[in-house]
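**Q** quick one: sequence and predicted model below, then my questions.
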Amino acid sequence: MEQSLALLGLNHKSAPLDVRERLALLSASELAKRIKAGGTKEAAVLSTCNRFEVYFMPAGESTDTVENRITAWLEQISGVPLSRYAYRFGGEDAVKHLFEVSSGLDSLVVGESEILGQVKDAYEAAHSAGMTGKYFNVLFQRALYVGKKVRSETGVAIGQTSVASVSVQLAHTIFGGLQGATALIVGAGAMAETTARHLISQKILRLTVVNRTWEKARALAAQFLAQAVPWEELPSALERADIVIASTSAERPILTSDMIRQAARARQGRSLFILDIALPRNVEETAHGIDHVYVYRLEDLESVVAENMKKRGVELDHARGIVAEKVREFGLWEKSLGTGREASFKHSNLQESSEIS
Amino acid sequence: MNYEVVFLKGALAFYTLATAAAFVYLYNKDDKWSSWMFRLVGAGLALHLASFGFGMHYFWKIPDNRYYFPINSFFGALSFLSLATVAVFFLIESRHQLGILGAFVLPWAVIGTGSAIIFANPAVEGLVPALQNYWINIHPVILMTSYAAFGNAFGVGVALLIQERQIKSRKPGELCYRLPSIEELDNLNYRIIVWAFPVLTVGIIMGGIWAYSAWGRFWGWDPKETWALITALVYAGYLHMRFVKGLRGKKAVYVSMLGFACVLFTFLGVNFLSPLHGYLSGGG
């Protein structure tokens, strides 16, 4: 019997979060051992918080038999009614799915690059567990190659897709390099911290933290190796800051237009970039009208994110075209294995030579 | 056949293509457009130099003209000014690799060479005796070099204002991510002007010295002199704002743009007013 690749999996579209979480908790080495013992010749498990996928090549038995065995076992150890959420693909469809996954086309955020690393990890884990053979080696290396190609040749990965990364990108359009920039966090909060972390990764010169509660300022500053400043010194901290992240739970704007105007005057035309990610707002709306002051509210940042996502969506067809082409190439290679004259992927352009067809 | 005009037309064609490539690059993320622009500008520049060489050759056929620069006519002046503009752009571009600036600077080269071809007369005439002086190789050449640099600074200023508006709009488009940052544009504008201003000043002083040796007076409030002085004062105002008061950004850029408006007026408008500096009025 001719064996072909099979895929059993679920993702963020087919299964709710709690189901995915329970599967993500399963131990990787245990999975590897059991799936290998379950009647597979080669196998790999791709487990992330958004998807759980088992790729395998049955060893002798029919695909259905092996698939049912693995499903039953997974249901048993995870307690998840897997068959209710799972999709099953075989042969070329499974190859296509893997290529789409590595290209980020099946991701929640289209084109995101984390998945490429996760596919690589999944492959390396399978490889070191001795679960891969020639077929899987080629399959996964092709998947990684296609993932890179799609991202570099299409627009599916363009634009930033999180509020924090959009903020950093906007800061670049104002200041260029951020090595000389000073950032100021007013308040606290998860999003402020994420943004601060993004800024720190850009090697900003200085990070200052202000909070109504001195201890909170101290604690946050310690976490980021930043400088804490007493609440009373907010106006002067504002003068020194290039990028301000406002994130307090105040009911009324704490950064008033007057305060910002004064800071802007002292800054002599150097731009002041204020991110107001608090709800209700921390920054008086009229402040955006001041020269050299740019106030971006949470909704502005979110609409930039939405715009970028839309642009990525437009590129999907182009990306799918590349994937389809690469799936076809892979199919030719797979066919050529049986002929004894293996086709090559040299120059990533598989020739349809007479030996193959 | 007048090879000066033929080669200038060739240069115009390349500048036009380079400008087109620069505009495509504004909206297309592909770097190949930027490198095409750079190559096209280089080719245009080579043709332009050849044109200028032929111009010099024709000019020197008249013995009295020998070895003066052929920039006494409107044609020669426009051609030289565009040549200097492109050369300065080429220099900035090769140092900063801000391909995107082409869209803001190269149109000036197209306008300059284009209007030389369309409006100006390339016919070579003998220099009037007053201009048969080595100062013609110094005074106008220095001034036009500074004008060319100011033209580049103006382009940078336009880019800055566009970038500023993009960011102020809270809906930054693709262009916003393509343009250099406000801070970089502001610094580049400043650096060009800080370099061009002394050139302008030296050019004006050289004119004064020439005037002294020719007419026995350093300064005569001829409209061209007056406007050159106004231009210098406006740029001095800009540098004062930047350097002494530390002002940056939009307002400073407006002042530098006003300076460029003065440059254009000094170069073009005053020709109709000035008895001593007319290119168009046939004076000299």
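**A** Perfect, thanks for sending it. Numbers count the residues shown, from 1 in each chain, chains lettered A, B, ... in the order given.
**Q** which helix runs longest in the chain?
**A** All of this is about chain A. helix A:316-339 (DSSP state H).
**Q** not what I meant, chain B
**A** Under DSSP H, chain B gives helix B:182-215 as its longest helix.
**Q** show me what counts as buried in that helix.
**A** B:182-190, B:192-193, B:196-197, B:199-201, B:203-204, B:206-208, B:210-211 (16 or more other Cβ atoms under 10 Å in any protein chain shown). The way it works is simple: take the backbone N, C-alpha and C, and place the C-beta from them, glycine included.
**Q** and chain A, which of the residues you listed reach it?
**A** Subset of the buried residues of helix B:182-215 in contact with chain A: B:182-184, counting by Cβ under 8 Å from any Cβ of the partner chain.
**Q** save those residues as JSON lines, and put in pLDDT and distance to residue A:242 too.
**A** Shown next, in JSON lines, are these (pLDDT from 0 to 100; distance: Cβ to Cβ, whole Å):
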{"residue": "B:182", "pLDDT": "94", "distance to residue A:242": "11"}
{"residue": "B:183", "pLDDT": "93", "distance to residue A:242": "9"}
{"residue": "B:184", "pLDDT": "92", "distance to residue A:242": "14"}
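**Q** any chance of those residues in CSV, plus distance to residue A:55?
**A** CSV is the format used below for these (distance: Cβ to Cβ, whole Å):
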residue, distance to residue A:55
B:182, 49
B:183, 49
B:184, 48
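**Q** and which of these is nearest residue B:136?
**A** Taking Cβ to Cβ as the measure, residue B:136 lies nearest residue B:184 of these, at 38.3 Å.
**Q** and the spatially closest residue to the closest one that is not a sequence neighbour, what does it touch?
**A** Counting by Cβ to Cβ, 6 or more residues apart in numbering or on different chains, residue A:176 is the residue found nearest to residue B:184 once chain neighbours are left out, at 4.5 Å. By Cβ atoms under 8 Å, 6 or more residues apart in numbering or on different chains, residue A:176 lies in contact with B:180-181, B:183-184.
**Q** repeat the analysis, applying 6 Å as the threshold.
**A** Neighbouring residues of residue A:176 by Cβ atoms under 6 Å, 6 or more residues apart in numbering or on different chains: B:181, B:183-184.
**Q** quick one, grab the pLDDT at it.
**A** What the model reports for residue A:176 is a pLDDT of 92.
**Q** now residue A:319
**A** 95.
**Q** can you tell me how far it is from residue B:112?
**A** According to Cβ to Cβ, to the nearest Å, residue A:319 stands 45 Å off from residue B:112.
**Q** phi, psi of residue B:46?
**A** phi -60, psi -50 (degrees, to the nearest 10).
**Q** next one, pLDDT for residue B:272 please.
**A** For residue B:272, pLDDT reads 68.
**Q** swap that for residue B:282, please
**A** With respect to pLDDT, residue B:282 has a value of 41.
**Q** again with residue B:245
**A** The per-residue confidence score, pLDDT, reads 77 for residue B:245.
**Q** once you drop chain neighbours, what's closest to it?
**A** Going by Cβ to Cβ, 6+ apart, residue B:245 has residue A:268 as its nearest residue, at 6.9 Å.
**Q** same deal with residue B:80?
**A** In space, residue B:80 is closest to residue B:71, 5.0 Å off (Cβ to Cβ, 6+ apart).
**Q** settle this for me: that neighbour is touching residue B:79, isn't it.
**A** No - the criterion here is Cβ atoms under 6 Å, and residue B:71 misses it with residue B:79 at 8.1 Å.
**Q** those two: which has the busier surroundings?
**A** residue B:79 (27 against 23; other Cβ atoms under 10 Å in any protein chain shown).
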